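S.K.: here is my input; please provide its structure:
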Amino acid sequence: MRLFYPAYIGPIGFLLVWALCLFGLAVGMLHPSIRIRFSAAFILCPAAALGLAYRNSTGADLDFPALAGLWENRAFADEAATFLGPTLAAPLMVLALGFLLFLAPPPALSGFCFAPGFWKPILLIAPFVPVAVIFFLGLLRGGYGTLGLPDTYKIPSLLVLLAMDAAITGKVERDPVDIRPTRSSPRHIVLVVDESVRADFLDLNQDRGVTPGLHRFRDRPVNFGYASAGGNCSSTSNLILRYGIDPMDFNASLDRNPSLWQYAKAAGYATVYIEAQAERGTLNNRLSHTETRLIDQFIYAEGSSEKDRDLDAARLIKMHIQDTIPRFIFVIKAGVHFPFDHRVPDTALHFHPHQGNNSPDPLEKRREALTNAYMNLVRWSIDAWFSEFLQNAVFENAVIIYTSDHGQNLLDNGLLFTHCVVENAHSHEGLVPLLAFTDIPSLRSRLKEAAELNFNRASHFAITPTLLDLMGFDPSEIVTRHGLSLFDTLPEERRFVTGVLRERTLALGPSQPIRWKIFSVDGLTR
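M.R.: Below is the predicted model of the structure:
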């Protein structure tokens, strides 16, 4: 039976939680025990600083999906701190002032207030009770229901929720591949996923002089123009690509779909994963150990820098596609990542000014400088990769599809986060390139027809169905589970998922909604 309650219950409950938080904060600051005050400061002050830093950078409150995204990308914390620069001054001041207030000797009056008696055990735990209360509120709402509550208590509660979420989700059991190829297929199929490359910074799409090396080989790729990413976070897009998520049946296909590795093995391909982004011995982009058991060769690209590892990945691809053993190769490039202006030698700076994000100049000048810094890095790293990859390349037995995991917001709406924004995400975060390479005449002709049909309207959601089509599976079987391929007429509406996907929700609470960003490529570029 559904329970009904007056509309004012919600606001009253919200105010009561706020009052409890303020009471707990006051008790924590005035408590005569230095251990209690230090413990409270250790929990609450960093949370307040983190919440302020996120709000200053994105214009939104830090909620459960956003915190999950920050945690998943914690390896880039140092780079993010460098990129955000002066905007961290206020949060650091809050952190320092908070510790100062908590650790300063309390006024003499507090000794009377905390005199032994009935209230002593209550006052002992009062600074920490709001964390438990907000935790249970979030638990009942599947991670939601905490917006508007103070960061000092909300963020520690959400961290506990996040740890619990990771502990209880368990292994996802996916459907087996119950279909078999019905047609011939190319010997080798390669999917290359770059990092943070925006479509309008390839000269094939907009001539800026950023990728002259690629432009020299402009007749090699079949260009699908401006494509839309599956998500504006790396892990989200990679999950969508590895499992061929159907946007029309998102949650069910995310939970059930077989992986590309399963399909490739069913089609007779050896599976190869080339990792140029993660550190040796680690997994990236939510790649699970269960998945790795389906990968025949897991190769970490060699090199001391992102560019070197990418160039090694290019050589590895060309080497593998000369083999006679059919292979499906999934490549994760290191690509480009903030801070852009710290990765390019002075001799390779073609676009000026390029001081990046830490300039005190007005927004328009900062945007120009940040864009130039990004273009310098794209030219230095991405264009060099295309030159290495396409130089003397022979694709007579292979088809290669190239895209990026997401685009970039280069202060386009004033927000400092370049991607993975949950609320107020800019369309540029989902604007990615999509190119195909092959020297197989019949397949190249088919891809060119597909590009003409779906120019500037392709998306990540269509890539995996295309790969399965190329593997020889029946398109009518593919579409029921994975949606439309690049060979079908794709819808004009463009969309991507904002934030980090969770494959399972918490044990309690409703399913977490998918947050979509709907956009059009018209008028996007500048």
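
S.K.: how about low-confidence regions in this structure?
M.R.: 1-10, 59, 75-86, 107-120, 142-145, 166-172, 355-360, 502-512, 522-526 (pLDDT under 70).

S.K.: nearest residue to the middle of it?
M.R.: Central residue of the chain (Cα atoms, centre = their mean): Cys233, 1.6 Å from the mean position.

S.K.: from Leu44, how far out is it?
M.R.: 28 Å (Cβ to Cβ, to the nearest Å). C-beta here means a position set from N, CA and C on the backbone, and glycine is covered the same way.

S.K.: mind listing the strands for the stretch 251-400 of the chain?
M.R.: For the stretch 251-400 of the chain, the strands defined by DSSP state E, counting those that start in this stretch cover 270-275, 297-300, 327-332, 398-404.

S.K.: could you dump those into JSON lines and include mean neighbour count?
M.R.: Shown next, in JSON lines, are these (neighbours: other Cβ atoms under 10 Å):
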{"stretch": "strand 270-275", "mean neighbour count": "21"}
{"stretch": "strand 297-300", "mean neighbour count": "15"}
{"stretch": "strand 327-332", "mean neighbour count": "24"}
{"stretch": "strand 398-404", "mean neighbour count": "25"}
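
S.K.: mind checking the ones you listed for the one nearest to Ser445?
M.R.: strand 398-404 (12.4 Å; Cβ to Cβ).

S.K.: Leu241 contacts Ala229, doesn't it?
M.R.: No: in this structure, Leu241 is not within contact of Ala229 by Cβ atoms under 8 Å, at 9.6 Å.

S.K.: which residues do those two both contact?
M.R.: When contacts are counted by Cβ atoms under 8 Å, 6 or more residues apart in numbering, Leu241 and Ala229 have His460 as shared neighbours.

S.K.: more neighbours: which of the two?
M.R.: Ala229 (32 against 25; other Cβ atoms under 10 Å).

S.K.: what's the closest non-adjacent residue to Gln262?
M.R.: Using Cβ to Cβ, 6 or more residues apart in numbering and skipping the chain neighbours, the partner closest in space to Gln262 is Val177 (4.9 Å).

S.K.: that should have said Leu443, apologies.
M.R.: Closest to Leu443 by Cβ to Cβ, 6+ apart is Val399, at 5.9 Å.

S.K.: give the contact list for the one you found.
M.R.: Residues counted as contacts of Val399 (Cβ under 8 Å, 6+ apart) are Pro186, His188, Ile189, Val190, Ala436, Phe437, Thr438, Ile440, Leu443, Leu447, Leu470.

S.K.: one more pass at 7 Å, please.
M.R.: With contact set as Cβ atoms under 7 Å, 6 or more residues apart in numbering, Val399 has these partners: Pro186, Ile189, Ala436, Thr438, Ile440, Leu443, Leu470.

S.K.: and of these, the nearest to Leu97?
M.R.: Using Cβ to Cβ, Ala436 comes nearest to Leu97 of the contacts of Val399, at 55.4 Å.

S.K.: just say helix, strand or coil for the closest one.
M.R.: Here Ala436 is recorded as strand under DSSP: H, G, I helix; E, B strand; the rest coil.

S.K.: swap in Asp178?
M.R.: Relying on three-state DSSP, one would call Asp178 coil.

S.K.: how close does it sit to Arg256?
M.R.: 12 Å.

S.K.: compare the two (neighbour count), which wins?
M.R.: Legend: neighbour count by other Cβ under 10 Å for Asp178 and Arg256, higher for Arg256 (14 against 9).

S.K.: any idea how many residues pack against the closest residue in space to that one that isn't next to it in sequence?
M.R.: Spatial nearest neighbour of Arg256, chain neighbours left out: Asp175 (5.0 Å); criterion: Cβ to Cβ, 6+ apart. Other residues lying near Asp175 total 12 when counted by other Cβ under 10 Å.

S.K.: how about Arg141?
M.R.: By other Cβ under 10 Å, 17 other residues sit near Arg141.

S.K.: need the contact partners of the top helix by length along the chain.
M.R.: Using DSSP state H, we find that the single longest helix of the chain is helix 34-58. Helix 34-58 has contacts (Cβ under 7 Å, 6+ apart) with 28-29, 31, 61-62, 66, 84, 87-88, 90-92, 94-95, 98-99, 102-103, 124, 127, 151-152, 155-156, 415-417, 421, 424.

S.K.: mark which of those are buried, thanks.
M.R.: 28-29, 31, 61-62, 66, 84, 87-88, 91, 94-95, 98-99, 102, 127, 151-152, 155-156, 415-417, 421 (16 or more other Cβ atoms under 10 Å).

S.K.: among these, which are located in helices?
M.R.: In helices, judged by DSSP H, the following of the buried ones among the contacts of helix 34-58 are found: 28-29, 66, 84, 91, 94-95, 98-99, 102, 151-152, 155-156.

S.K.: closest to Ser381 among those residues?
M.R.: Leu84 (21.9 Å).

S.K.: follow-up on the earlier one: residues in contact with the nearest residue to the residue nearest to the centre of the chain once chain neighbours are set aside?
M.R.: Excluding the flanking residues, the one nearest Cys233 by Cβ to Cβ, 6+ apart is Cys420, at 4.2 Å. By Cβ under 7 Å, 6+ apart, Cys420 lies in contact with Gly69, Asn73, Asn232, Cys233, Gly499.
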